[in-house]
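Participant: here is my input, please return the structure:
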Amino acid sequence: MTRTTILWHRRDLRLSDLPALTAAREEGAVIPVFIRERKVDALGAAAAWRMGLSVEAHGRELEAVGSRLVLRSGNALEVLRALVKETGAEAVYWSREYDPVCRERDAEVKAALREDGVEARSFPGKLLWEPWEVKTGQGTPYKVFSPMWKTMKGEVPGEECPRPRELAGPKSWPESEALEDWALGTAMRRGADVVAEHVCVGEAAAQQRLRDFVSDRMHNYPKGRDLLAEHWTSGLSENLTYGEISPRQCWNAAEGEGSETFRKELAWREFGWQLGFHFPRIFEREWREDWGRFPWKDDERAAEVKAWKQGRTGLDVIDAAMRELYVTGTMHNRARMIVASYLTKHMMTDWRVGQTWFADTLIDWDEASNALGWQWVAGCGPDAAPYFRIFNPASQAEKFDARGTYRERWLGSGETAASYYAAVPESWGLTPGEDRPAQPVVGLEAGRKAALAAYEDRDF
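Facilitator: Residues are numbered from 1 along each chain as shown. Modelled structure (predicted):
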């Protein structure tokens, strides 16, 4: 062994297919570190709680290969400098993140450490291809998904990095903070115990989830993925969010019937981060800049918005989906489109209201996918489809939940539906069977007409 490298973990909480780890191991001893810094503190309730579970699971994975996870909190640069001083480490490696806040932070860290004489290197691992590698024939970033997908589907993302059987550590380990002292799940309150029944945490669980999907469900993924009551999706968005599995592992494992459709969904995730890297306004502002003048309603405290958040709109499929979210921390992808359309079209509410709510309640929250998805549905995003497309919740329910199984599951009298009342804040004061209005808070026909009228009157 020639030197010691600090491996700074962020959203790459795994041992397999991790280029930064592979490179660090080749240099000698490795000190894995996770820092509770400003990006972690800014996470929504569900995401912060789920991050804590992932950090805990990764710590166990590291112990199984003879290592450990050092926990520190504070400014990332200050923490890393302190660890370098304590351990004598000559290098700091990490996996790249692509949002504006992380890019600014990482650039500062890299420049400062290099000035200190410490090698600072970033590596791929979050995406299939780096954002600057995927270009149009003219050498520009893609702004439309379809042509990007045509390019991507014929590419091979390369071989995976091996998982280490053992990991050499330093002669003396630096002190670590206690994960329980961070209290990452505080904002979840009593809901944590309910959502805990539905999570799939850690690298080993993620790998098993991928194997189960490929062997049992992927063949019917193209047809079954939109059926609300059936389990044909992979569920891997949760694990990809925390880097418990790599997109390359998912892509390479997908072979045979249904694999192209599954890979296309991985490419859609990739598209979101391509846009977020090259056009970071997508995280906060309308992709189509002229839509910045559209008269969205942005009152998060409005009665109809509150009813939407709480699953009390009076529309069965909307309320079922929002209750699924509160109980499981996730929501079926088709349902996400339906509830987003109702909020932004029928209610004419600013897409950022929904974006913020999902950021607080989703355990699989992904910054780029969330922003892209909300803008795509709202009509102000990078979408070739007409902006005036409005999902009809009733017809969507008839098509994708024909027998009403999904709605009954979350709105009926069974144990699953009842778990919603155990998860929500007591301050909501909800009583089973008495909390939903007899009529929708915004009628489907009235809401559609109001939305179309607003589109007709727009001045851009």
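
Participant: from residue 314, how far off is residue 322?
Facilitator: Residue 322 is 12 Å from residue 314, where distance means C-beta to C-beta, to the nearest Å. Every C-beta, even on glycine, is put in place using the N, C-alpha and C of the backbone.

Participant: ramachandran angles for residue 411?
Facilitator: Phi and psi for residue 411, reported as degrees, to the nearest 10, are phi -120, psi -10.

Participant: give me the number of residues near it?
Facilitator: 20 (other C-beta atoms under 10 Å).

Participant: how about the nearest residue to it, chain neighbours excluded?
Facilitator: Among residues not flanking residue 411 along the chain, residue 320 sits closest, at 5.3 Å (C-beta to C-beta, 6 or more residues apart in numbering).

Participant: quick one: contacts for that neighbour?
Facilitator: 311, 335, 406, 407, 409, 410, 411 (C-beta atoms under 8 Å, 6 or more residues apart in numbering).

Participant: where's residue 122, which helix or strand?
Facilitator: strand 119-123 (DSSP states H and E).

Participant: in that strand, what counts as buried?
Facilitator: Using 16 or more other C-beta atoms under 10 Å as the test for burial, strand 119-123 gives 120, 122, 123.

Participant: out of the residues you listed, who's nearest residue 79?
Facilitator: residue 120 (13.8 Å; C-beta to C-beta).

Participant: what sits opposite that closest one in the beta ladder?
Facilitator: Legend: beta-bridge partners of residue 120 under DSSP bridges are residue 92.

Participant: distance-wise, check it relative to residue 241.
Facilitator: 25 Å.

Participant: try residue 214
Facilitator: With C-beta to C-beta as the criterion, residue 214 and residue 241 are 20 Å apart.

Participant: returning to that earlier point: just the mean pLDDT for the strand holding residue 122, thanks.
Facilitator: In this model, strand 119-123 carries a mean pLDDT of 98.

Participant: counting by contacts, list what the helix or strand following that strand packs against.
Facilitator: The first helix or strand that comes after strand 119-123 along the chain, using DSSP H and E, is helix 145-152. Helices and strands touching helix 145-152, by 3 or more C-beta pairs under 8 Å, 6 or more residues apart in numbering; DSSP states H and E, are helix 259-278.

Participant: for the helix it packs on, list every residue counted as buried.
Facilitator: 259, 262-263, 265-278.

Participant: what do you get for stretch 379-390?
Facilitator: Buried, per 16+ other C-beta under 10 Å, within stretch 379-390: 379, 380, 381, 382, 383, 387, 390.

Participant: check stretch 318-334 too.
Facilitator: 318-332, 334.

Participant: in helices only, show me the residues you listed.
Facilitator: Using DSSP state H to define helices, the subset of the buried residues of stretch 318-334 located there is 318, 319, 320, 321, 322, 323, 324, 325, 326, 327, 328, 334.

Participant: if we can go back for a sec, can I get the buried residues of strand 119-123 in a markdown table including distance to residue 85?
Facilitator: Converted to a markdown table, the buried residues of strand 119-123 look like this (distance: C-beta to C-beta, whole Å):
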| residue | distance to residue 85 |
| --- | --- |
| 120 | 15 |
| 122 | 22 |
| 123 | 24 |
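
Participant: now the most centrally placed residue in the chain. Its backbone dihedrals?
Facilitator: With distances taken as C-alpha atoms, centre = their mean, the residue of the chain nearest its centroid is residue 366 (2.4 Å). Reported as degrees, to the nearest 10, the phi and psi values for residue 366 are phi -130, psi 120.

Participant: tell me the contacts of the residue lying closest to it once chain neighbours are set aside?
Facilitator: Setting aside the residues directly before and after it, residue 366 is nearest to residue 241 in space (C-beta to C-beta, 6+ apart), at 5.3 Å. For residue 241, the contacting residues are 11, 47, 50, 363, 364, 365, 366, by C-beta under 8 Å, 6+ apart.

Participant: which among these gets closest to residue 137?
Facilitator: For the contacts of residue 241, the nearest to residue 137 is residue 366 (28.7 Å; C-beta to C-beta).

Participant: only alpha carbons, please: show the longest strand anywhere in the chain as PDB.
Facilitator: The residue-count maximum for a strand in the chain (DSSP state E) belongs to strand 28-36. What follows is strand 28-36, C-alpha atoms only, in PDB (Å, rounded to 0.1, in the frame of the first residue of the first chain):
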ATOM      1  CA  GLY A  28      -3.900   1.700  -0.800                       C
ATOM      2  CA  ALA A  29      -5.900   2.300   2.300                       C
ATOM      3  CA  VAL A  30      -9.400   3.800   2.000                       C
ATOM      4  CA  ILE A  31     -11.400   5.800   4.600                       C
ATOM      5  CA  PRO A  32     -15.100   6.000   3.600                       C
ATOM      6  CA  VAL A  33     -16.700   9.100   4.800                       C
ATOM      7  CA  PHE A  34     -20.300  10.500   4.700                       C
ATOM      8  CA  ILE A  35     -20.800  14.200   5.600                       C
ATOM      9  CA  ARG A  36     -24.100  15.700   6.800                       C
END
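
Participant: please consider this matter closed, and thank you.
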